[in-house]
Structure formats: structure tokens, C-alpha cells
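**Q** please work out how this folds:
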Amino acid sequence: MRNLKFIATAAVTFIIISCADLDLSPLSEGSSNNWYHDDTEYLMSLNDLMRADFYPIDSYPWDDDVFSRNSQEETKNGNMTSESGTAKSRWLILYKAIARSLRILNNLQTAETSTDITPANIRQYRGEAYFHLGFSYAMLATYYGDVILDKKGMSLAEAYTASRSPKREVLDYAYECLDSAAELLSDSYTGQLRPTTGAALGFKVRFALFHKDYQKAIDAAEKLMNAGTYSLEPNYQELFQKPYSNELIFYFQGNKDLRYYCADLYGSVNNYCLRQIGGNCNRGPSIQLVCSYLCTDGLPIDESPLYDPKNFWANRDPRLTYTVQSFMLKHDPRYSDYIWTRQHEKTYLELIAKGQANYTDSLLENKYPEYFIYGYEYVPGPYDTKCLNTTTHNMDRNNDSKGSNEHAAYQGFIMKKYVTNDWTDYRSVASHAYNTFPYLRYAEILMSYVEAKNELGQCTQEILDNTINKIRERAYNGTGLVYPYVEMASQEKLRTIIRMERRMEFPFEGIRYRDLLRWRIAEKVFNTSEYQLSRAWSGRTDWDGKDMSIVSDAFKVLLKNWDEGNYPIGGIPQIDEDGLPDVEYMVEEGYQTRFYQYRFDKDKNYLWPIPASDLLVNDNLTQNPGY
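**A** Just a heads-up that it's a prediction; the model follows:
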């Protein structure tokens, strides 16, 4: 047994793990040899499978929505190998879930006669086991293609000789498991987070769409939509700051008291936070993402007459400023008033202190609240060496401007989506945030349904009205603007509209990378560059924003760009049929620089490698092409 345990640890083969319960059973459980006697034991096993660990999230910097300065991602660089921790850990955790689910199902076969568990509870436990089993196999097929398919729980002898089953066979079994789960589970459970019928159907929609099983995706989506269990949250921005919404089909809640966070983003919010509160802004929205949001007429920025490249926040889909923190631009018509109001902050405070409360709305933070976050004015412009502190009403040194900080504003943008007041105190809780992560929400079902219908040539105006138009209407709710209505068009035109809509709706939700893979456009996206602003800065933390004799020529270029309305981005990029903006010209024009080059091999990187440790102990396993 000692040797087997060593092999399981060193080789990380899933079959050994499924047979050697020693390192798989939750610490709160006993061995599977004397387990599964009553409800408590089944629930403990199933509850453990509900940990976020068993539902991997595609990391935010893996796609082109996020700029990442402190890491070069394997998914973008195409340098994932069979030794990569990402490929090994995901393979391992999914097969752990499979092994545990099969043990539960096997024990449930005798539970009706050997235990006092009620038929209703047996039904629920069986449904949950099928849910975890179906999800795990669908994930494996999505990222690895052909994988080992175990439907019963293999013996140790079978483990050493198991071979990969065709992806089609694995997917069919995954769909079968999710269908069984949908039939056995309830629509909801009171007071507890458990898999539901809607979640089983929702994951079937997600994976069927990925694998171009469009009719399966449509059928599952229609069942879910017709059930009426879920609905869109009325306010898009609030959706990501609430602990729960009726839009959430499958989700994970953080717990501040238990110091439990449920996504990589929430585990290192310092990477996304304002430098003014001690963050480092190593990661943030990419310029490609900012350029991808439509204008309020529903047209991309290279087609809309409403788009002003020198005032790029204006006339844009509201989700842009719900997702990316906006800031005042010099060519905004309100710029002079903004500066004047800031300069008179102290005067208004004095008037308010004298009891003239009617001046409260004249304070900068009240007149222009959209430009404040974490209690500070966000002004990343290169001249802005000071920013307003809303607590003290003083102008503090601005750590988020290249006028006073060398490492500020790598690409000029920071995240707003998910940010709550709690993020201001992130340092007191080890850089953690405790938001709810929306692993699967109703908007994805609507968007997947309309896409599947369009791909089969079955889209109608009624379908558009019940899906994408509902999502757009929600995005504009509360703005006073009429949302741009999507009308029937050619399949190709609707495909572009749908792809751009998904990008605006789902950034930082672990969806974009998977979309790039399933649309087979990853080689187009990941053979470009990561872009950032020039590393130039004023050269002094106490620069006054005026003395040009001490600044470098490189920094003067940034100042010139700001003055001319080309900071941090400039011009109008062309948007292609996949909704992708070509921003390479910004390098040639001196608005941005290349940080590093992406690499993606279309003949290799659409699948992940089978872990080398598993190949080592099983000669019948084969590797994916190119690895």
C-alpha cells in the first residue's frame, strides 16, 4: 500500500486515485469501506463535491479581455506541455469527482434495501452524483478530447491498461448523466446550495453548444427557459455585487467570516485594485475589450457615427462603464467644468459647513460619481499627479498616474465589475474578496440558445426578442436610453452580432477563452500581442505636472497623446467579422507598445495535453497531437 500511495502521489493517475480512497475521502469522512450508511454520510460526500475546486474556472488572463503584466499565460503563448500544472491539476480534479460520484452511485444501488434512507433522498443523491459525473466528463472532453471513460469504477488491474475513449462517446455519456440529473433533481432547494434541474440542463446547453451539438443545446435550453425558474436580474451592474440573484443557475458564494473565496480573481484582488489603496493593477481590462463595446446605436465603433475616438466613453453600451472604470478625458465637453469643480471642492465644503446644504451636489464626487472608485478619484492621465480623496477631501499624491508613479496604468484601465465597498479593505483580509462567482447564469442560456438557433438557420425575430433583445434591454435599464433593437438579418450578420454581444455581456466570467476555442478563432486572437502604454513616466514622484525641463522625450509623447485625445487609446480600430478589433496600428502611431507576443498553434493548442505522469504509468494512454 505504501508503494501504491507513492505512485498515486507521484504519477497522479486518476485510476489509482479512484481505487485508493486514502487521499480522496474528505477528512471529515471515514473510509468508503464502512461509509454510506445514512443520509449524513451521503450528504457529506455530496457536499464535498460541491466545492469550487471541482468546478474549475478558466483563469481571467487566459483570454484577450484581460491584460496581465505579471504573468505570461500558457493559453496565450501556446507553450503548455504535458508537465504543465494547469493541465495536470484540471485532469486530476475532474477524475477525482468522477471517482467519488461513481462510488456514490454504486453504493446507492443497495441503499434502498440496506439503509433507512427515504426513496426521495435516494433520488436526490443519485441525481447529484449524475450531475457531478456529467459535468466532469463534459469538461474533460472539452479540454482534452478523447479521455478514459469509466462508467462503473475500475479495478486496479483495469486502471493500468485503460485507454482513451472517443470524445463522441464520452460526450454522449456526459449528456446522458446530465439528463438523468435533470430528471431526478428538483428545481430548487430551500436554504442550501445544491445542484438543480436547471443547472443540469444549463451545463448541457453550455457543452452541447461548444461541441456543435446545436439541437441538443436548443432542446435543453427550451426546457430550462419554459420552466420559468430563472430570470434576468434587472440591473446588470448590481448583479455582480449581490450575494444572490434569480439569474444565477450555478454559483459559488464567498464567506468573509470563514475567509473563503471562490475564484482566482477574488484570491488576489491586489492585482486588480487601484494603486491608491495599495493595489498594483498588474491585471486589468485590455484595450481590445474596451474597443469591442458597441455604440448606443448598436453599431461597432468603426461603423457608428456616434463614436468619438477622443471621447471614447461617450455613446457606448452601458456595460462598458459597468465593467471598466471610466475617467474624465480631456476632449470630453465637460472637461473644463470637471477641473473647475475639483478646484472649488474646498469652497463648497466651507459653504456646506455653514449650513448651505444645497451645495452638496456641487462636490466633485457627487457631480461626477462615475469617476470615483474605492473612495478616490480615478485619474490615470499623465498630467494628473494628484487625485481627490473623498474621505479627507484632500488632493493626495496620485499613484495611478504616470505623472507620479512609474508603475501606474500599464494599459490605462482598471476593473469595475465585481468591485464592492469591501474591496477597499482587501489588505485586512489577505487580498481576498468574497463576492459570489456567477459560474452559470440565465443570460448565458439565452445567448447560447439564440446562437444555436442561428447556426442551424432557424433564428426568427421572436427568438431574437426573447433572447438577445432582452439582454440588451436589461443592459440599458435605468439609463434613460432606448436600447439598440436587434432585427433579423443574415446568418453571417447575426453571428457577428451574437459574438460581440457575448463579449460585452460576459467579461471576467471564465467564458471568453472557451468561446475563442469553440469558434475556432483562437489562432487569430492569440497570434497578436499583449499591449500596454509606454513605460515612460515623469521620473519624479513629486513632479508638479508642469515643469517640462525634467521629463524625458518618451514621457512627452504620452503627454502629447493625452493633449491630442489619444491616451490611452487613439484612432478607430477596424472590427472584423468575429467582432475582433485590430489595434496593432496603435503601436505604429505611438499610442501603445507591445508587451509580449502571443503564440497559438491551430494544429495543437485547441486541445490540452494528457498529463505526462499518467502516460508514465499506463502504456495504453496516448498523447494529443503536437505534445
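
**Q** what sits against residue 143?
**A** For residue 143, the contact set (CB atoms under 8 Å, 6 or more residues apart in numbering) comprises 90, 607, 608. Quick note: C-beta positions are derived from backbone N, CA and C, even for glycine.

**Q** dump the residues you listed to TSV, plus secondary structure and distance to residue 441.
**A** Listed next are those as TSV, based on DSSP: H, G, I helix; E, B strand; the rest coil; distance: CB to CB, whole Å:
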residue	secondary structure	distance to residue 441
90	helix	22
607	coil	27
608	coil	26
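
**Q** can you add neighbour count, pLDDT and distance to residue 52 and give those back as JSON lines?
**A** Listed next are those as JSON lines, based on neighbours: other CB atoms under 10 Å; pLDDT from 0 to 100; distance: CB to CB, whole Å:
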{"residue": "90", "neighbour count": "19", "pLDDT": "97", "distance to residue 52": "13"}
{"residue": "607", "neighbour count": "19", "pLDDT": "98", "distance to residue 52": "24"}
{"residue": "608", "neighbour count": "24", "pLDDT": "98", "distance to residue 52": "20"}
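
**Q** now do the helices in the stretch 501-627 of the chain.
**A** Assigned by DSSP state H, counting those that start in this stretch, the helices in the stretch 501-627 of the chain fall at 512-518, 522-525, 553-564, 585-588, 612-617.

**Q** now do the stretch 151-300 of the chain
**A** Secondary structure of the stretch 151-300 of the chain, counting by DSSP H, counting those that start in this stretch: helices at 156-159, 167-184, 197-210, 214-227, 236-239, 264-267, 287-290.

**Q** counting by contacts, list what the third one packs against.
**A** The elements that helix 197-210 packs onto, with contact taken as 3 or more CB pairs under 8 Å, 6 or more residues apart in numbering; DSSP states H and E, are helix 119-144, helix 167-184, helix 214-227, strand 248-253, strand 436-441, helix 442-455, helix 512-518.

**Q** hmm, try it at 7 Å
**A** Applying 3 or more CB pairs under 7 Å, 6 or more residues apart in numbering; DSSP states H and E, one finds that helix 197-210 contacts helix 119-144, helix 167-184, helix 214-227, strand 248-253, strand 436-441, helix 442-455.

**Q** centre of the chain versus that helix, how much separation?
**A** Here the centre of helix 197-210 is set off from its chain's centre by 18 Å, with CA atoms, centre = their mean, to the nearest Å.

**Q** contacts for it next, please.
**A** Helix 197-210 is contacted from outside by 131, 135, 138, 142, 174-175, 178, 181-182, 185-187, 216-217, 220-221, 223-224, 227, 229-230, 249-250, 440, 444-445, 448, 451-452, 514, 518, using CB atoms under 7 Å, 6 or more residues apart in numbering.

**Q** pull up the distance across stretch 106-124, start to finish.
**A** One end of stretch 106-124 to the other measures 15 Å (CA to CA, to the nearest Å).

**Q** right, I mislabeled it, should have said stretch 35-44
**A** Chord length of stretch 35-44, first to last residue, is 10 Å (CA to CA).

**Q** buried residues, it. List them.
**A** Residues of stretch 35-44 classed as buried: 35, 36, 41, 42, 43, 44 (neighbour count, 16 or more other CB atoms under 10 Å).

**Q** quick one: the second one and residue 42, what's the gap?
**A** Looking back up the chat, that one is residue 36. Going from residue 36 to residue 42 by CB to CB, to the nearest Å gives 6 Å.

**Q** put together JSON lines for the buried residues of stretch 35-44, with pLDDT on each row.
**A** Formatted as JSON lines, the buried residues of stretch 35-44 follow (pLDDT from 0 to 100):
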{"residue": "35", "pLDDT": "88"}
{"residue": "36", "pLDDT": "93"}
{"residue": "41", "pLDDT": "96"}
{"residue": "42", "pLDDT": "96"}
{"residue": "43", "pLDDT": "96"}
{"residue": "44", "pLDDT": "96"}
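
**Q** any chance of those in a markdown table, with distance to residue 530 too?
**A** Listed next are these as a markdown table, based on distance: CB to CB, whole Å:
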| residue | distance to residue 530 |
| --- | --- |
| 35 | 49 |
| 36 | 50 |
| 41 | 49 |
| 42 | 48 |
| 43 | 46 |
| 44 | 45 |
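
**Q** between those residues, which sits nearest residue 553?
**A** residue 44 (65.9 Å; CB to CB).

**Q** now do the residue of the chain most remote from its centre, the pLDDT please.
**A** What lies farthest from the middle of the chain is residue 354; by CA atoms, centre = their mean that is 48.2 Å. On pLDDT, residue 354 comes in at 93.

**Q** same thing with the one 4 residues further on?
**A** On the pLDDT scale, residue 358 is placed at 88.

**Q** quick one: neighbours of it, just the number.
**A** Using other CB atoms under 10 Å, residue 358 has 9 neighbouring residues.

**Q** gap between it and residue 453?
**A** Using CB to CB, residue 358 is found at 55 Å from residue 453.
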